[in-house]
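Peer 1: Structure for the following, please:
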Amino acid sequence: MKSLNKSGYTITELVVAMTIGLGVTLGMVSLSWATSRLSAKNLAYNHGSGAFTQAANRLVKDIQSSGSIFTLVNFDGTSYTDSTTTVSTDLDPLSGQYISSRSNAVRYWMQVGGPVQLNADAAATATNLSFNFGPAVSGALRYTPRVNDKVWLPLIDKEFRISAIVTAPTVISPTGVVTIANVNNSGTGYTLSTTSPKVTTAMFYRQVAYSVYNNTLRFHSDYSNAPSTCAAVCYNITSPKPFSVLYATSSSTSSERTNLRLSFEAYDLKYSNTNFPNGALTLQTVISVRDQPPFVSTLQTPQ
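Peer 2: Model prediction:
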């Protein structure tokens, strides 16, 4: 009579098998966690990069169109105060100059219209100037003047504040008449003629601003008339004071303010956090006034 062979596992074999199984399980969990973390980083980056890139492109484009020097501003959500800048010991690696004290807003004059042709003669003492603001493009005028805009006449290299709109231009009737003001309300000081072949043109500027408050980048499209009116450009900005100007040396007492330094950081506050630093987006650059010396001053009422 033959005995049956009995098969089984020893304690050692069971421990080895359990150890291997546990290692495989831990490896799968670790891989899953790493994959989830990488996915979260990618989600945080992708979710914010599109909006931030678009906003950054607009910001840089707008500031590059500045016709004046830059003035730093402190904005507390309701009121605005020009910032008195001082030089710091921080060296900007892009320009080799020294960074000023920072602010959360900056204002400047942006070109919003022109060149526009003068279409009526004006005496040297005339304060009303007539321009042809046409033709219309896509059913609208390219520019409509407002009170507190500036008109700059390249022919005589003078700027004037628009103090009143005598005749507002329209698509049907694009001729508009504006009243200019200076210190003495004495007109341009030059006789302006439209007799052929003489042509006098003008450029128009409006004071605008960018600010960062409550993690939001805002554009103030008419700072002179309604500084509190603004539009959100980009959310999730984590740089509290991204604007500064540059000083030539660390001992300089003043800045030309023709170069604006931007230092932005942003990450999606809903999809990212400090555990995912790779989700952060940054922009650091220096933008110069388009034409130097600038076309117009920073004064609201030209001298």
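Peer 1: my read: residue 191 touches residue 122, true?
Peer 2: Yes - counting by C-beta atoms under 8 Å, residue 191 does reach residue 122; the two are 7.3 Å apart. C-betas here are computed from N, CA, C, even on glycine.
Peer 1: Compare the two (neighbour count), which wins?
Peer 2: residue 122 (20 against 12; other C-beta atoms under 10 Å).
Peer 1: Which residue lies closest in space to the more buried one, excluding its sequence neighbours?
Peer 2: Once flanking residues are discounted, residue 122 sits nearest to residue 192: 4.3 Å by C-beta to C-beta, 6 or more residues apart in numbering.
Peer 1: List the buried residues of stretch 146-162.
Peer 2: Residues 146, 148-153, 158-162 are the ones in stretch 146-162 that count as buried (16 or more other C-beta atoms under 10 Å).
Peer 1: what about the closest residue to residue 179 other than its chain neighbours, is that helix, strand or coil?
Peer 2: Once flanking residues are discounted, residue 179 sits nearest to residue 164: 4.0 Å by C-beta to C-beta, 6+ apart. Following DSSP: H, G, I helix; E, B strand; the rest coil, we place residue 164 in the strand state.
Peer 1: which residues touch residue 164?
Peer 2: Residues near residue 164 by C-beta atoms under 8 Å, 6 or more residues apart in numbering: 147, 178-179.
Peer 1: at 10 Å instead, please
Peer 2: For residue 164, the contact set (C-beta atoms under 10 Å, 6 or more residues apart in numbering) comprises 127-128, 147, 177-181.
Peer 1: quick one: strands adjacent to the helix or strand residue 207 falls within?
Peer 2: Applying DSSP states H and E as the criterion places residue 207 in strand 201-213. Taking DSSP bridges as the criterion, strand 201-213 forms sheet pairs with strand 105-118 (antiparallel), strand 150-153 (antiparallel), strand 216-220 (antiparallel).
Peer 1: winner for burial among these?
Peer 2: strand 150-153 (a mean of 23; mean count of other C-beta atoms under 10 Å).
Peer 1: For the residue positioned nearest the centre of the chain, pull up the helix or strand it's in.
Peer 2: In the chain, the centroid-proximal residue (C-alpha atoms, centre = their mean) is residue 59; its distance is 3.1 Å. Per DSSP H and E: residue 59 is located in helix 11-64.
Peer 1: what's in contact with the next helix or strand after that helix?
Peer 2: Helices and strands here follow DSSP H and E; after helix 11-64, the next one along the chain is strand 71-75. With C-beta under 10 Å, 6+ apart as the test, strand 71-75 has contacts from 80-85, 100-109, 207, 209-213, 218, 220, 223, 227-228, 230, 241, 243-245, 255, 257, 260, 298.
Peer 1: Alright, calling it a day.
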